[in-house]
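1. model this:
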Amino acid sequence: MKRLEKQPTTKGPADLFTGDVWFDVIARGTDQSRLRVNAVRFSPCARTAWHSHSVGQTSHVTDGIGIVATRDEVIIMRPGDTVHTPPGEEHWHGAIPEHFMTNLAMWEDDNATWGEHVTDDEYNAAAATDG
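-> The predicted structure is shown next:
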């Protein structure tokens, strides 16, 4: 057993995120474990670009209210909610306009496929979902 050294908080790069997003790496997926975990903090309206993971991704909201959306489904997430996105499914996640959102993003691969930024129209339609 060993205590892992805390890594510096990192600002999410503009090519992968819209708005202010910060993350802390909790687990890097090294040695025998492939598990990667980041605590990700989204400011209101901030979001990821469209992306997918080869073995899926699980997101658990710890604070605030957020959105996870696929090409044909939107889920509004609140503290304690957990959503799994299956392998290869394009999705994005972020905060609703009136709230910050913090989630634990968990995945096993280092092969995320990143796509285009979520448009304002896509974001606004998802944020208007009651749900």
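2. In the chain, where is pLDDT below threshold?
-> 110, 131 (pLDDT under 70).
3. can you give me the helices in it?
-> 120-127 (DSSP state H).
4. what residue is smack in the middle of it?
-> In the chain, the centroid-proximal residue (Cα atoms, centre = their mean) is His93; its distance is 4.9 Å.
5. Please report the distance of it from Ala27.
-> 19 Å (Cβ to Cβ, to the nearest Å). (C-beta placed from N, C-alpha, C; glycine too.)
6. Check Val68 too.
-> Val68 is 20 Å from Ala27, by Cβ to Cβ.
7. what's the burial count for the residue lying closest to Ile65 once chain neighbours are set aside?
-> Nearest non-adjacent residue to Ile65, counting by Cβ to Cβ, 6 or more residues apart in numbering: His99, 4.4 Å away. When neighbours are counted by other Cβ atoms under 10 Å, His99 registers 15.
8. need the contact list for His99.
-> Contacts for His99 (Cβ atoms under 8 Å, 6 or more residues apart in numbering) come out as 44, 64-66.
9. His93 too?
-> Taking Cβ under 8 Å, 6+ apart as the test, what His93 contacts is 42, 47-48, 59, 66-69, 77, 103, 105.
10. at 7 Å instead, please
-> By Cβ atoms under 7 Å, 6 or more residues apart in numbering, the contact list for His93 reads 47-48, 59, 66-68, 103.
11. Quick check: the gap between Thr10 and Val74.
-> 27 Å.
12. Those two - which one has more neighbours?
-> Val74 (16 against 12).
13. and the contacts of His93, which of them are in strands?
-> 47-48, 59, 66-68, 103 (DSSP state E).
14. now these in JSON lines, with distance to Glu89 and neighbour count?
-> JSON lines is the format used below for the ones in strands among the contacts of His93 (distance: Cβ to Cβ, whole Å; neighbours: other Cβ atoms under 10 Å):
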{"residue": "Arg47", "distance to Glu89": "16", "neighbour count": "28"}
{"residue": "Thr48", "distance to Glu89": "14", "neighbour count": "24"}
{"residue": "Ser59", "distance to Glu89": "13", "neighbour count": "22"}
{"residue": "Gly66", "distance to Glu89": "17", "neighbour count": "27"}
{"residue": "Ile67", "distance to Glu89": "15", "neighbour count": "23"}
{"residue": "Val68", "distance to Glu89": "11", "neighbour count": "24"}
{"residue": "Asn103", "distance to Glu89": "17", "neighbour count": "28"}
